[in-house]
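In: Okay, structure incoming, though there's no sequence with it:
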Ligand SMILES: C[S@@+](CC[C@H](N)C(=O)[O-])C[C@H]1O[C@@H](n2cnc3c(N)ncnc32)[C@H](O)[C@@H]1O
């Protein structure tokens with residue numbers, strides 16, 4: 001006889017054994033040796049080391065001798081990854097064994113009017129019987145409907161004996177294999193394993209309008225529209241305020257250069273805010289390696305200049321720039337293994353850290369270029385994901401290899417080439433409210449998938465519950481603090497490096 005109730009199925013995910021109660025959707029993960037030990041225990045009270053495990057399994061009605069629950073008395077608790085849409089009436093569910101652009105692939109599960117009423121009546125506190133009564137449906141219809149939602153291939157609902165807490169993690173994740181790494185074309189690496197994204201930016205970015213919604217999203221892109229996290233301002237405007245408050249940008253800054261402006265939305269908001277605050281910027285030069293993005297910027301930013309150019313070989317005269325901005329570009333620049341990086345490590349007096357496999361040599365070259373082009377007293381701000389001591393590592397899910405930044409080493413290079421360098425969290429520079437909320441990644445992906453099914457686009461933007469462009473009639477949207485996964489990268493993963501060219505006068 002099996003150790004487990006007949007309704008339980010057992011499978012393996014990422015090396016862990018999963019016991020799944022098919023009728024309730026409740027489940028338990030354990031290591032293969034722990035499962036073997038439970039299976040080996042045949043009679044009598046469980047041995048001491050299994051007691052807690054067995055007690056929990058019994059609570060979940062997973063054991064052969066467990067009392068099976070009266071399903072009508074249980075509480076249907078919808079997964080926070082599922083949304084309900086009105087047209088056509090359906091649930092949008094993540095597909096456990098498929099992965100989409102942002103993590104989950106989603107599919108529609110059409111609802112007939114009775115099912116729709118049943119789902120709408122689930123509030124995480126009512127029992128199945130109460131939900132059926134409220135929806136005006138027979139109990140048998142409720143039980144049949146919920147039975148289609150609790151299996152491991154669906155994972156849309158759990159039937160629980162207690163209401164789920166608002167942050168219950170088991171309702172926010174799938175029991176599924178980890179998302180596979182995105183395939184990377186060979187030509188994005190050099191012969192010694194260094195990243196070489198030149199062809200990607202020059203040739204593979206073809207649509208500046210959709211690139212940052214569909215292929216990669218930046219913090220600035222996600223927050224390009226006003227959001228409560230940034231005091232109701234868009235990213236570029238909030239950044240302008242920070243630059244003025246910190247006297248990084250001044251009336252006499254003269255030539256302002258942005259390297260890698262993407263769609264130009266950051267610049268648009270920054271320039272607009274500067275005008276609004278009576279501090280117009282007259283000479284704004286954009287340098288970008290992507291012809292497609294330069295064209296998008298040209299259309300958005302009349303009155304500014306654009307140049308096709310390379311961050312590590314800036315097409316600028318020595319000491320000509322009054323302020324330089326480069327937002328989320330460093331990770332695109334070359335990262336190289338130690339043999340290739342060795343000459344620069346030595347030149348800048350750095351050392352390889354234990355276990356360090358990659359070095360942000362492109363970022364180092366860029367910083368040296370910044371030292372060459374900044375006027376005395378002028379500043380630069382560089383933002384990117386990484387940390388003061390984090391060993392550079394390659395992203396896994398993008399279609400191109402970006403590498404996180406070891407900001408401690410970049411700051412050391414900046415000092416070695418004569419700049420003052422200060423490192424701070426990007427959230428601190430922007431004075432972001434980290435308690436503000438945006439849509440959880442799952443809800444964003446569900447809305448993206450539903451929109452695409454209707455031939456519509458769903459941009460990767462930070463929205464708030466008050467946002468005007470939220471579709472009417474959609475329920476189940478999950479709002480989480482911006483420190484958790486959402487439509488774009490998490491702000492707290494990013495740092496800002498503030499560089500300043502010493503002013504000859506004060507030095508003298
Ligand atoms: C990740 S996007 C960031 C866009 C924008 N700054 C933002 O924050 O949304 C990187 C930008 O830098 C540009 N870029 C990448 N590598 C570059 C390089 N080596 N030289 C100049 N621009 C580069 C890309 O074309 C793109 O505009």
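Out: Perfect, thanks for sending it. All figures in this text were calculated on a predicted structure; none of them were measured in a lab.
In: Could you measure from residue 260 over to the ligand?
Out: Applying Cβ to the nearest ligand atom, to the nearest Å, the value for residue 260 to the ligand is 2 Å. (Glycine included, C-beta is placed from N, CA and C.)
In: wait, doesn't that residue sit right on residue 326?
Out: Yes - using Cβ atoms under 8 Å, residue 260 is in contact with residue 326, at 5.6 Å.
In: what sits in contact with each of these two?
Out: residue 311 (Cβ atoms under 8 Å, 6 or more residues apart in numbering).
In: which residues touch residue 486?
Out: 222, 438, 439, 440, 441, 444, 462, 480.
In: Tell me, how many residues neighbour the fourth one?
Out: I take that to be residue 440. 21 (other Cβ atoms under 10 Å).
In: if I read this right, it contacts residue 171, doesn't it?
Out: No - using Cβ under 8 Å, residue 440 is not in contact with residue 171, being 11.3 Å away.
In: shared neighbours of the two, anything?
Out: With Cβ under 8 Å, 6+ apart as the test, residue 440 and residue 171 both reach residue 80.
In: residue contacts, the residue in the stretch 401-508 of the chain positioned nearest to the ligand?
Out: Closest approach between the stretch 401-508 of the chain and the ligand, counting by Cβ to the nearest ligand atom: residue 402, at 7.6 Å. The contact partners of residue 402, taken as Cβ under 8 Å, 6+ apart, are 195, 197, 216, 331, 332, 394, 395.
In: among the residues you listed, which are within reach of the ligand?
Out: By Cβ under 6 Å from any ligand atom, the members of those lying near the ligand are 197, 332.
In: of the contacts of residue 402, closest to residue 114?
Out: Nearest to residue 114 among the contacts of residue 402: residue 216, at 42.5 Å, using Cβ to Cβ.
In: Which one of the contacts of residue 402 sits in the busiest neighbourhood?
Out: Ranking the contacts of residue 402 using other Cβ under 10 Å puts residue 195 first, with 25 neighbours.
In: Tell me, what's the model's pLDDT at that residue?
Out: Listed pLDDT for residue 195 reads 87.
In: now swap in residue 410 and tell me
Out: Value listed for residue 410 in the pLDDT field: 98.
In: what's in contact with stretch 274-290?
Out: Stretch 274-290 is contacted from outside by 198, 201-202, 205, 208, 237, 240-241, 244, 249, 251, 253-262, 264, 267, 270-271, 294, 297, 301, 303-311, 314-316, using Cβ under 8 Å, 6+ apart.
In: Would you mind listing which of the residues you listed are buried?
Out: 201, 205, 208, 237, 240-241, 244, 249, 253, 255-262, 264, 267, 270-271, 294, 297, 301, 304, 306, 309-311, 314, 316 (16 or more other Cβ atoms under 10 Å).
In: Among those residues, which ones are in strands?
Out: 255, 256, 257, 258, 259, 306 (DSSP state E).
In: out of everything not next to it in sequence, what's closest to the last one?
Out: Distance criterion Cβ to Cβ, 6 or more residues apart in numbering; nearest residue to residue 306, sequence neighbours excluded, is residue 286 at 4.4 Å.
In: Am I right that that neighbour falls within a strand?
Out: Yes - per DSSP: H, G, I helix; E, B strand; the rest coil, residue 286 lies within a strand segment.
In: Just to check, residue 386 is in contact with residue 358?
Out: No - look at residue 386 against residue 358 with Cβ under 8 Å: they stay out of range, at 11.4 Å.
In: who touches both of these two?
Out: Common neighbours of residue 386 and residue 358 (criterion: Cβ under 8 Å, 6+ apart): residue 392.
In: Of the two, which one has the most company?
Out: residue 386 (26 against 23).
In: Can you name the residues that contact the residue nearest to the more buried one when sequence neighbours are not counted?
Out: Counting by Cβ to Cβ, 6+ apart, residue 405 is the residue found nearest to residue 386 once chain neighbours are left out, at 3.3 Å. Taking Cβ under 8 Å, 6+ apart as the contact definition, residue 405 lies against 330, 331, 360, 363, 384, 385, 386, 390, 392, 495.
In: again, but for residue 334
Out: Residues near residue 334 by Cβ under 8 Å, 6+ apart: 194, 195, 196, 197, 312, 361, 362, 365.
In: Any chance of a ChimeraX selection covering the buried ones in these?
Out: Typed into ChimeraX, the next command selects the buried ones out of those (criterion: 16+ other Cβ under 10 Å):
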select :194,195,196,197,312,361,362,365
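In: among the contacts of residue 334, which are in helices?
Out: 361, 362, 365 (DSSP state H).
In: now the last one: how far from residue 418?
Out: I take that to be residue 365. Using Cβ to Cβ, to the nearest Å, residue 365 is found at 15 Å from residue 418.
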